[in-house]
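**Q** Structure of the sequence below:
(chains A and B)
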2 protein chains.
Amino acid sequence: MNSSEKRLVEPRDFYFGDGEESALELDCGRKLYGVNLRYETYGRLDASRTNAVLVLHALSGDAHVADYHTMQDRKPGWWDEMVGPGRPIDTEKYFVVCSNVLGGCSGSTGPRSINPQTGKRYNLTFPVITIRDMVRAQKRLMEHLKIDRWLAVIGGSMGGMQALEWAITYPECVRSAVPIATTSQLSPQSIAFDWVGREAIKNDPHWAGGDYEESAPNQGLATARMLAHITYLSDESMKNKFGRELQESEHYSFAFQRDFAVESYLEYQGRRFVERFDADSYFYITRAMDYFDLAARADGNLAAAFRPAQAEFLVVSFSSDWLFPAAQSEAIVRALLRNKLRVTYCEIASGYGHDAFLLEIETLGGMVRDFLRNQLREVHRAG
Amino acid sequence: MNSSEKRLVEPRDFYFGDGEESALELDCGRKLYGVNLRYETYGRLDASRTNAVLVLHALSGDAHVADYHTMQDRKPGWWDEMVGPGRPIDTEKYFVVCSNVLGGCSGSTGPRSINPQTGKRYNLTFPVITIRDMVRAQKRLMEHLKIDRWLAVIGGSMGGMQALEWAITYPECVRSAVPIATTSQLSPQSIAFDWVGREAIKNDPHWAGGDYEESAPNQGLATARMLAHITYLSDESMKNKFGRELQESEHYSFAFQRDFAVESYLEYQGRRFVERFDADSYFYITRAMDYFDLAARADGNLAAAFRPAQAEFLVVSFSSDWLFPAAQSEAIVRALLRNKLRVTYCEIASGYGHDAFLLEIETLGGMVRDFLRNQLREVHRAG
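**A** Residues are numbered from 1 along each chain as shown, chains lettered A, B, ... in the order given. Have a look, this model is predicted:
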């Protein structure tokens, strides 16, 4: 794309919760005052205000789904291939909204924000939040935008958790939901990986119990990211991408520097991540995922947990995703069917592992495009 | 077992390589002088010296396979259920030998040993060793014990790599080999996990580039161990063992301390590991595994790599092992068959993941028992 063809988008801020009544009540029992949500919108809200699509980002995502912030930006938003004019989430048809999650570090209120009550950074005094708390904050944004019902809520990984949460917590506000590569509860294996990632951060002397100022615990955060990154790829994709290729020589170095291409790749991923992410946010967002367990709200009965839901669902999993395997999506589908909800389910054959939700744009995009078009048609028919 | 019934075993030391001629030549091109191997033996070598079985340990194992060192020991050796009178590797029939690997930290020469040429610890000046180097050192021990041919070489995980290496590097010395839950080359995913584990150690300020003296980098080493431990279990076994059970309360703590039973378990495993393992050894032994790639010696042709082998093989994998999946054992089996070697292969159905080689004693033990008995019978028939 020629730079003159770059579409620009401007991030916005929605601030709420200054007073006692408007403060955000959280699952932990505490209240959060003075909350900012950084968000972006694409396309136009139609006169009937029925074409709004909420995109929900994953752990390391942010509000910047598509387009560019400046002409100088080298990369567009994280789901640019999915969102734009003529693209699967077509901004000529839909009004697309995405906000950085509560607890995040890309403009929304999180652990590194200033606590209005003390004038200092929260750090680890920030309340531990849940996926539902993230969704509660998004509901405030929805009201601010004067939208009564999302045409669709859609997201992959942690974004999918939020989509499920929306459908259960605010059923009247969700016409359809598209949870992709996600789960209704984090498995003990994933909890374990999150734990080890946080331990790696804790061990970084710069972390200082979360109270870092000048030097951030970037080594620890990079290590946590490298670990998580392994879980986002499949064994197969790593074999195809790197195999046992050496990076700089034809022979082993017989040392502990980078030898293998996969080591070099991970190091690069870790280094890039710390440029845009924050260690304390990593604590809060991984903990929110650890705590996510829909079935637990109904004594372990997932179908009962989905009882309030009214939305129509498109559930998508990927065959090589071992972080949130297809079986976890199938459990969601069974629970939805038990509630006589309309569900389309597809396990997409892909070698990309969990990251497939960012990469299998052709297959995934085609399904999302058709699903949204059907939703819009039904709205128009009903209206 | 009553403590009066405890069988005791005494570790021994075999020291070699003081002079230029007897020094150990390594794959990296360097020589190692003054090498100690800590080893243990069980049972008796028969008059024909043909009943010797070499047991090869995994990453975190040591020479102490079975029995107790003192009456006060609470736990026996790491494969006690497999090795002993009447047990699958029956010490009433076989003379069992196991040595701590070169590079290890349980009595054999490794990075924390004193370099005889400087009078100081090697630390990271210790040469980077390979699985073949470990086997070369074991060959010296074999000569010292005046054994010409092992009835069997047997080991799981990294122990299986050594078993394969023995069969290729010293074919005339190996009557049979039992590689269990192993691979002929480390996959990029495993290389990646090893890399992240070493990064976690590096980030510990106590590591000091490997030159720690007073305080060891125990936090970093514990983190590396916790990560590795996840890869030793299966998703299924973690679900069965812990699920999403909370450790101390019925409710989430809304904090970052241990909440889940799986977190508590990992923390315990990490804490225990640092009592018996060393961070620099962790660097060397994981690197030896990273470098292990039999096919690479024959331009990627695994069958050609096995051409020198003469042994009869029993290859065992476990269905839920995702670290060294069954497909990797099957690749070994195909390569052995291509060389017209006698091979028995079994994929044992188990939910225990990679750790199954330490846990599925009944199934695994039964096969090993019969296999060894057949080997001994053939020796006696031939003799």
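**Q** Now for chain A, the helix or strand with the poorest mean pLDDT.
**A** Sorting the helices and strands of chain A by mean pLDDT, DSSP states H and E puts helix A:235-241 at the bottom, at a mean of 94.
**Q** buried residues in that helix?
**A** Buried residues in helix A:235-241, counting neighbours by 16 or more other CB atoms under 10 Å in any protein chain shown, are found at A:235-239, A:241. Yep, even glycine has a C-beta here, placed from its N, CA and C like the rest.
**Q** residues near the residue nearest to A:A152 when sequence neighbours are not counted, how many?
**A** Counting by CB to CB, 6 or more residues apart in numbering or on different chains, A:S176 is the residue found nearest to A:A152 once chain neighbours are left out, at 4.5 Å. Other residues near A:S176 come to 25 when the count uses other CB atoms under 10 Å in any protein chain shown.
**Q** what residues are up against A:S176?
**A** For A:S176, the contact set (CB atoms under 8 Å, 6 or more residues apart in numbering or on different chains) comprises A:150-153, A:311-314, A:371-372, A:375.
**Q** Next up, the contacts around A:A288.
**A** Per CB under 8 Å, 6+ apart, neighbours of A:A288: A:103, A:128-131, A:133-134, A:158.
**Q** all helices of the stretch 1-150 of chain A, in order?
**A** Under the criterion DSSP state H, counting those that start in this stretch, helices of the stretch 1-150 of chain A are mapped to A:131-144.
**Q** go on, the stretch 151-300 of chain A?
**A** A:158-169, A:188-202, A:218-232, A:235-241, A:261-276, A:279-291.
**Q** if you compare those, which one is most tucked away?
**A** helix A:158-169 (a mean of 27; mean count of other CB atoms under 10 Å in any protein chain shown).
**Q** avg pLDDT for that helix?
**A** Here helix A:158-169 scores 98 as its mean pLDDT.
**Q** Check stretch A:259-278 too.
**A** For stretch A:259-278, the per-residue pLDDT averages 97.
**Q** what's next to it, contact-wise?
**A** Contacts of stretch A:259-278 (CB under 8 Å, 6+ apart): A:60, A:105-106, A:110-112, A:216, A:218, A:221-223, A:225-226, A:229-230, A:238, A:241-247, A:249, A:252-253, A:258, B:188, B:191-192, B:195-196, B:199, B:290.
**Q** can you give me the offset of it from its chain's centre?
**A** 20 Å (CA atoms, centre = their mean, to the nearest Å).
**Q** In CSV, list the C-alpha atoms belonging to that stretch.
**A** Extracted as CSV, the C-alpha positions of stretch A:259-278 are listed here (Å, rounded to 0.1, in the frame of the first residue of the first chain):
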residue,chain,number,x,y,z
ASP,A,259,22.4,-20.8,18.0
PHE,A,260,19.1,-21.9,16.7
ALA,A,261,16.8,-19.7,14.5
VAL,A,262,13.9,-20.4,17.0
GLU,A,263,16.0,-18.9,19.8
SER,A,264,16.7,-15.8,17.8
TYR,A,265,13.0,-15.5,16.9
LEU,A,266,11.9,-15.8,20.6
GLU,A,267,14.5,-13.3,21.7
TYR,A,268,13.2,-10.8,19.0
GLN,A,269,9.6,-11.4,20.1
GLY,A,270,10.5,-10.8,23.7
ARG,A,271,12.5,-7.6,22.9
ARG,A,272,9.6,-6.2,20.8
PHE,A,273,7.0,-7.0,23.4
VAL,A,274,8.6,-5.0,26.2
GLU,A,275,8.5,-1.9,23.9
ARG,A,276,4.7,-1.9,24.0
PHE,A,277,3.7,-3.8,27.1
ASP,A,278,3.9,-3.4,30.8
